[in-house]
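A.B. asks: Need a 3D model of the following:
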Amino acid sequence: MKKTTNELKSIATEISGQFGYFLNVTEVGKVFGISRESARKLVADIPTAELTGSKKYYLYDILKKVYK
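C.D. replies: Residues are numbered from 1 along each chain as shown. Next up, the predicted model:
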């Protein structure tokens, strides 16, 4: 279901209160209620950021993909 930019920002702000703006695969699974394997497939083509030695994904990029 397509969302406007303001709706995406609102959703990102809500989620970031608990997880921050950069999520790992496990956190992506928790946010969307999916398995780690499904989360891994979801973020497969999203660029990563190397933070604290682990791969993290920018929340806004994930939301844009899910709600495009």
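A.B. asks: Run the chain-centre distance for the helix or strand bottoming out on mean pLDDT in the chain.
C.D. replies: The least trusted helix or strand in the chain, going by mean pLDDT, DSSP states H and E, turns out to be strand 48-51, with a mean of 84. The offset between the C-alpha centroid of strand 48-51 and the centroid of the whole chain comes to 13 Å, using Cα atoms, centre = their mean, to the nearest Å.
A.B. asks: Equivalent analysis for stretch 37-50, please.
C.D. replies: Once both centres are worked out by Cα atoms, centre = their mean, stretch 37-50 turns out to sit 9 Å from its chain's centre.
A.B. asks: In terms of secondary structure, what does the longest helix anywhere in the chain contact?
C.D. replies: When every helix of the chain is counted residue by residue (DSSP state H), the longest turns out to be helix 5-19. With contacts defined as 3 or more Cβ pairs under 8 Å, 6 or more residues apart in numbering; DSSP states H and E, the secondary structure elements packing on helix 5-19 are helix 25-32, helix 59-66. To be clear about C-beta, it is placed using only N, CA and C from the backbone, and glycine gets the same treatment.
A.B. asks: ok but residue 57 is inside a strand, no?
C.D. replies: Yes. Residue assignment for residue 57, taken from DSSP: H, G, I helix; E, B strand; the rest coil, places it within a strand.
A.B. asks: Quick check: it touching residue 51?
C.D. replies: No. Using Cβ atoms under 8 Å, residue 57 is not in contact with residue 51; the gap is 10.1 Å.
A.B. asks: Name the residues contacting each of the two.
C.D. replies: Applying Cβ atoms under 8 Å, 6 or more residues apart in numbering, one finds that residue 57 and residue 51 are jointly contacted by residue 22.
A.B. asks: Compare the helices and strands packed on helix 5-19 and give me the one nearest residue 8.
C.D. replies: With Cβ to Cβ, the closest approach to residue 8 among those belongs to helix 59-66: 5.0 Å.
A.B. asks: Can you list the buried residues in the closest one?
C.D. replies: Applying a neighbour-count criterion of 16 or more other Cβ atoms under 10 Å, one finds 59-63 buried in helix 59-66.
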